[in-house]
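Colleague: pasting a predicted model and its sequence here:
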Amino acid sequence: MKRYIKESLPILVLCGLGEIFLTGMILKNMSPYLIKVIGLFVLIPTLMSLRGNISGSLGSRISSGLHQGLINPEFEKNDDLLNNIKAAVLMTTLLSFLAGIFAYFISILYGLTADILELVTIAFIAGSLAGVVFLIFTLNIAFFTFKRGLDPDNMVNPIMTFVSDFTTIFFIYLAILILALI
Amino acid sequence: MKCFHMTSQVYSHRNIIGQSVPILIVCLLIDIQAGIFLNLEPNLRIFKEWPSFLIILPAIIAITGNIGSIFGSRLTSSLYLGEIRPRLERNITLEKSILATILIGTISFLLIGLAAWIIGRQLGLNQPTLINYLLITTTSGLILTLFASLLAISSSFITYKKGIDPDNIVIPTVTSLGDLVGVAFFLLIIRIVIPVV
């Protein structure tokens, strides 16, 4: 129990600080767009959690694979590893696109006059780019914790959530700035 | 050529996608609901008037999800090790884990609230008094930790009993429901503590 608290508390607080300093700050800077682009706020928790969900389960599968000896902690031609990567990339692009579509229709149901092209473009660009960047990070961190013999349950998830949220919000901001230029 | 990997292959991308996509779509819809809450006019006004709540929002959502998933994986391991059984009964290991989780949650939210308030002050943002701010973050934290724990317990018990791979189900469900409830309670408690908004 002491190990549980000692391992989780510092990492939760550290990741929380990271969320405030990076993710929260970008969100604050984005606030004019949150009001201007209707439905943008809908995409924020959606894309963040999509990223976290896909990579979180990828990370756990890789960890299990490492512990069972199916996967080695390095980038090599391994079918179990490649199939996991393939699945993650396919799901990221498909579901980012769907996130935009669903966000639009549900916003309309609530009387929010969103623009479908705007939402789908932001969701697809931000979701896919963040997904691919974050995939590489996920694999590295899974390999790293395995090599060091750290308990992935307590360590991997909070760090991943933090980096995933930051990556997602960064690419959402980037996608908005690109759209604003066009 | 590493042909031996062919025979040892356990993960096929079709299986992973087939098992993950339905739950990911469910989670997507839950999170869109959370986003709708944030985007509704009265709530948008809260963030416009008090930007320091915007700074802490990702941290609140993330910590709730993290607590749920850390506790969820811990429970799943305990179930497989036979330390606990998948039913509601008095069990020292389970009770101690719940207490430790509540402690971890409350302390994290208190410290994060303090940090965010100090940053807001440094940036000169319009924000409530420290007491009110900490009251909002810690109360939200306590409720959300309890909620995340309940969610982790029920989802890990269900997946264990049904023999579904918990990696693909427990974590996504816990984080997405955590997002929705997190956003809802956070906004509700802001309104209770600062009634003028």
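Modeller: Cool, got the structure.
Colleague: can you give me the buried ones in the helix or strand hosting A:R51?
Modeller: Using DSSP states H and E, A:R51 sits within helix A:40-67. Using 16 or more other Cβ atoms under 10 Å in any protein chain shown as the test for burial, helix A:40-67 gives A:40-66. For the C-beta atoms, the positions are set from N, CA and C on the backbone; glycine is no exception.
Colleague: and chain B, which of the residues you listed reach it?
Modeller: Filtering these for neighbours of chain B using Cβ under 8 Å from any Cβ of the partner chain leaves A:40-46, A:48-50, A:52-54, A:56-57, A:60-61, A:64-65.
Colleague: from the centroid of chain A, which residue is nearest?
Modeller: Nearest to the geometric centre of chain A sits A:R51, at 2.8 Å (Cα atoms, centre = their mean).
Colleague: just give the nearest non-adjacent residue to that residue, would you?
Modeller: Spatial nearest neighbour of A:R51, excluding adjacent residues (Cβ to Cβ, 6 or more residues apart in numbering or on different chains): A:S164 at 4.5 Å.
Colleague: roughly how far does the one you found sit from B:S12?
Modeller: Distance, A:S164 to B:S12, using Cβ to Cβ, to the nearest Å: 25 Å.
Colleague: now B:S108
Modeller: Distance from B:S108 to B:S12, counting by Cβ to Cβ: 38 Å.
Colleague: ok, those two, which is more surrounded?
Modeller: B:S108 (29 against 15; other Cβ atoms under 10 Å in any protein chain shown).
Colleague: helix, strand or coil for that one?
Modeller: At B:S108, secondary structure determined by DSSP: H, G, I helix; E, B strand; the rest coil is helix.
Colleague: which SSE is B:I55 in?
Modeller: Going by DSSP H and E, B:I55 is in helix B:51-81.
Colleague: so for that helix, mean pLDDT?
Modeller: What helix B:51-81 shows for mean pLDDT is 90.
Colleague: report pLDDT for B:H13.
Modeller: Reading off the model, B:H13 has pLDDT 83.
Colleague: isn't it up against A:K86?
Modeller: Yes - B:H13 lies in contact with A:K86 (Cβ atoms under 8 Å); the separation is 4.3 Å.
Colleague: now check the helix holding B:I55, is it near chain A?
Modeller: Yes - counting by Cβ under 8 Å from any Cβ, chain A is contacted by helix B:51-81 at B:51, B:54-59, B:61-63, B:65-67, B:69-70, B:73-74, B:77.
Colleague: filter those down to the buried ones and hand me the PyMOL line.
Modeller: Restricted to buried positions by 16+ other Cβ under 10 Å, the PyMOL selection for the residues of helix B:51-81 next to chain A reads:
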select buried, chain B and resi 51+54+55+56+57+58+59+61+62+63+65+66+67+69+70+73+74
